[in-house]
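J.: the following comprises the amino acid sequence and a computationally predicted model.
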Amino acid sequence: MAEKIDIEASKNEDHNKLKVGDLNARLKKIHLGGGEKRIAKQHEQGKLTARERIDTLLDPKSPRIEIGAFAADGMYKEHGGAPCAGVVVVIGYVSKRQCIVVANDATVKAGAWFPMTGKKNLRAQEIAMENHLPIIYLVDSAGVFLPMQDEIFPDKEHFGRIFRNNAVMSSMGITQISAVMGSCVAGGAYLPIMSDEALIVEGTGSIFLAGSYLVKAAIGEDIDNETLGGATTHSQISGVTDYQCKDDAECLKTIRSLMDKLGKPKDAGFSREKPVAPKEDQKEIYGILPVERTKPYDMKEVIKRLVDDSEFTEYKAGYGKSIITAYARIDGWAVGIVANQRQIVKTAKGEMRFGGVIYSDSADKATRFIANCNQKNIPLVFLQDVTGFMVGSRSEHGGIIKDGAKLVNAVSNSVVPKFTIIIGNSYGAGNYAMCGKAYDPRLIVGWPSAQVAVMGGEQASKVMLQIEVSALKGKGETITAEKEKELLDKIRGHYEATTSPYYAASRLWLDAVIDPLDTRTWVSMGIEAASQSPATREFNMGVLQT
């Protein structure tokens with residue numbers, strides 16, 4: 001029996017390590033931005049790349065997490081693509097102060113703004129506002145990508161919202177520092193000037209509402225870009241910028257000096273003790289997660305490899321067993337864990353419960369636990385592997401909709417910070433109840449094994465096949481078994497592609513796809529960020545049907 005288990009674990013480990021290898025290969029390609037030739041051209045201009053600037057700015061050997069590395073992945077193919085959406089966003093430490101850095105990547109279409117570039121910048125600002133984090137902009141952008149201007153310019157969550165957020169963050173007392181290290185044109189010119197302090201680099205940095213060619217066309221004036229809006233002009237004549245720097249290195253050093261002088265952040269009062277590594281080997285997670293998405297496994301074994309000293313205190317352990325609720329610590333931080341249990345469990349009444357499904361008693365338990373964590377000021381961590389709520393007459397008569405609504409209500413109104421890790425399935429209303437993207441987790445990431453969809457691929461493919469076959473028959477076509485299989489394979493392939501974690505991350509439904517071994521870092525840095533922003537309202541679930 002032990003040998004069988006070992007063989008199964010080995011298969012799981014090989015499968016999951018291959019997925020992590022694929023993740024790392026994808027990231028390596030994305031980190032090249034517009035490619036080696038454009039990187040070389042950036043260096044010829046005396047400029048560092050976006051990632052080199054961030055590496056120079058952040059404290060050496062300090063932890064960091066990258067938001068939206070897969071943003072726009074596989075999108076805009078007709079325009080040559082936009083790796084990382086042309087902007088790099090990292091949460092890290094500058095002069096020992098946690099902050100978020102937003103750096104335009106000029107190797108990708110000269111740093112032009114695609115629709116996903118705007119969405120990613122807004123996500124960075126959202127994180128800054130939610131957590132009261134200082135934000136540093138490293139500006140090097142040609143402005144809006146004109147062929148797609150109708151998808152980035154006029155709407156509420158388009159380009160202009162960036163400047164609105166600049167103003168709101170200023171009123172909130174959130175530090176904003178902008179460094180103009182390349183082009184900064186048209187509407188984008190407002191971003192650095194709406195920040196608290198602005199720096200500009202000689203020879204490469206420029207700020208103007210209209211470049212020299214447009215000025216010539218509009219008013220007939222002959223002028224070069226450096227005289228029009230270079231470092232000397234804006235630091236010594238217009239007074240638009242506050243610091244004039246000779247090169248990228250000096251500019252980044254000046255930012256570090258400014259960050260070093262910031263006052264201490266607020267404290268939300270979350271409990272933290274000295275971090276302790278899990279007793280259980282974290283790498284064993286690879287062997288625990290099964291290859292087949294429907295196969296059961298014990299989520300408690302995963303939790304043991306994520307929490308300090310592999311210890312947790314389970315709340316209502318014998319009740320509502322399809323959801324695990326437990327108190328623990330992650331990297332020293334106290335957390336409340338809400339996790340789906342994929343094991344098939346037997347209740348005291350003798351009934352068998354499917355793994356990964358939310359039942360009425362599980363929803364009731366999770367609702368109570370979330371309320372407790374809000375009462376105790378304990379951040380919440382959701383570990384998702386959920387196929388949805390239980391269906392059928394027994395569940396409907398037992399009020400599953402009402403109990404599910406209570407859970408959704410508690411998640412929606414929670415005032416302590418929430419963090420979501422999608423480990424496996426994230427289907428339908430289960431995604432909502434377990435704090436999916438729509439429910440404002442401070443950070444939401446997926447492991448390479450994650451899937452986000454309305455329903456599982458096999459069920460959805462068969463439903464869509466029935467619809468398509470019925471439509472074809474309605475047109476008088478004869479559907480052979482071979483034709484039906486061909487249609488099913490095509491539907492299944494498309495569905496699987498659109499439910500992958502990379503598809504979700506490319507659209508920023510996930511902040512990142514991560515190696516499971518990086519989970520503790522993401523949760524810890526997320527709670528540290530949240531600790532700078534105490535709750536401004538009390539937990540209140542409003543009116544509920546009981």
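T.: Now that the structure is in, tell me what you want to look at.
J.: and residue 468, its phi and psi?
T.: With angles defined as degrees, to the nearest 10, residue 468 sits at phi -70, psi -40.
J.: how about it: what's its closest non-neighbour residue?
T.: Of all residues not flanking residue 468 in the chain, residue 487 sits nearest, at 5.9 Å (Cβ to Cβ, 6 or more residues apart in numbering). C-beta: built from backbone N, CA, C; applies to glycine.
J.: what of residue 10?
T.: In this structure, residue 10 finds its nearest non-sequential neighbour in residue 287, 7.0 Å apart by Cβ to Cβ, 6+ apart.
J.: now the strand or helix carrying that neighbour, how far from the centre of its chain.
T.: In the assignment (DSSP states H and E), residue 287 maps to helix 285-288. Averaging C-alpha positions (Cα atoms, centre = their mean, to the nearest Å) puts helix 285-288 23 Å from its chain's average.
J.: could you give the average pLDDT over the helix or strand just after that helix?
T.: Next along the chain after helix 285-288, taking DSSP H and E as the criterion, comes helix 299-304. For helix 299-304, mean pLDDT is 97.
J.: measure the residue nearest to residue 468 to residue 474 for me?
T.: Remark: distance between residue 487 and residue 474 (Cβ to Cβ, to the nearest Å) = 15 Å.
J.: mind checking which of the two has more residues around it?
T.: Set residue 487 next to residue 474 and count neighbours by other Cβ atoms under 10 Å: residue 487 wins out with 17 against 8.
J.: state the helix or strand in which the more buried one lies.
T.: Short version, using DSSP H and E: residue 487 is in helix 481-499.
J.: what are the buried residues along that helix?
T.: By 16 or more other Cβ atoms under 10 Å, the buried positions in helix 481-499 come out as 487, 488, 491, 492, 495, 496, 499.
J.: same question, stretch 536-546
T.: residue 539.
J.: just the helices in the stretch 351-500 of the chain please.
T.: Taking DSSP state H, counting those that start in this stretch, the helices of the stretch 351-500 of the chain run over residues 360-376, 393-397, 400-413, 428-433, 457-474, 481-499.
J.: pLDDT below threshold where in the stretch 151-300 of the chain?
T.: 187, 210, 212-213 (pLDDT under 70).
J.: what are the ranges of the strands in it?
T.: Along the stretch 151-300 of the chain, the segments classed as strands by DSSP state E, counting those that start in this stretch run 176-185, 197-201, 206-208, 243-245.
J.: which helices and strands sit right next to the third one?
T.: So that's strand 206-208. strand 176-185, helix 225-229 (3 or more Cβ pairs under 8 Å, 6 or more residues apart in numbering; DSSP states H and E).
J.: residue 478: neighbour count?
T.: 7.
J.: hang on, I meant residue 294
T.: 14.
J.: distance of it from residue 355?
T.: On the measure of Cβ to Cβ, residue 294 and residue 355 end up 9 Å apart.
J.: ok, residue 225 next?
T.: Distance from residue 225 to residue 355, by Cβ to Cβ: 62 Å.
J.: which stretches of the stretch 401-546 of the chain have low pLDDT?
T.: 455-463, 465, 484, 495, 544-546.
J.: save the helices and strands packed on strand 206-208 as JSON lines, and put in distance to residue 387 and mean neighbour count too.
T.: Formatted as JSON lines, those follow (distance: least, Cβ to Cβ, whole Å; neighbours: other Cβ atoms under 10 Å):
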{"stretch": "strand 176-185", "distance to residue 387": "43", "mean neighbour count": "26"}
{"stretch": "helix 225-229", "distance to residue 387": "56", "mean neighbour count": "18"}
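J.: generate JSON lines for these, with distance to residue 143 as supplementary columns.
T.: Converted to JSON lines, the helices and strands packed on strand 206-208 look like this (distance: least, Cβ to Cβ, whole Å):
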{"stretch": "strand 176-185", "distance to residue 143": "5"}
{"stretch": "helix 225-229", "distance to residue 143": "13"}
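J.: nearest to residue 413, of the ones you listed?
T.: strand 176-185 (29.9 Å; Cβ to Cβ).
J.: by contact count, what packs against the closest one?
T.: strand 135-141, helix 160-172, helix 190-193, strand 197-201, strand 206-208, helix 248-260.
J.: contacting residues around the residue nearest to residue 205 when sequence neighbours are not counted?
T.: Using Cβ to Cβ, 6+ apart and skipping the chain neighbours, the partner closest in space to residue 205 is residue 180 (4.1 Å). Residue 180 is in contact with 139, 140, 192, 198, 199, 200, 201, 205, 206, 207, 241, counting by Cβ atoms under 8 Å, 6 or more residues apart in numbering.
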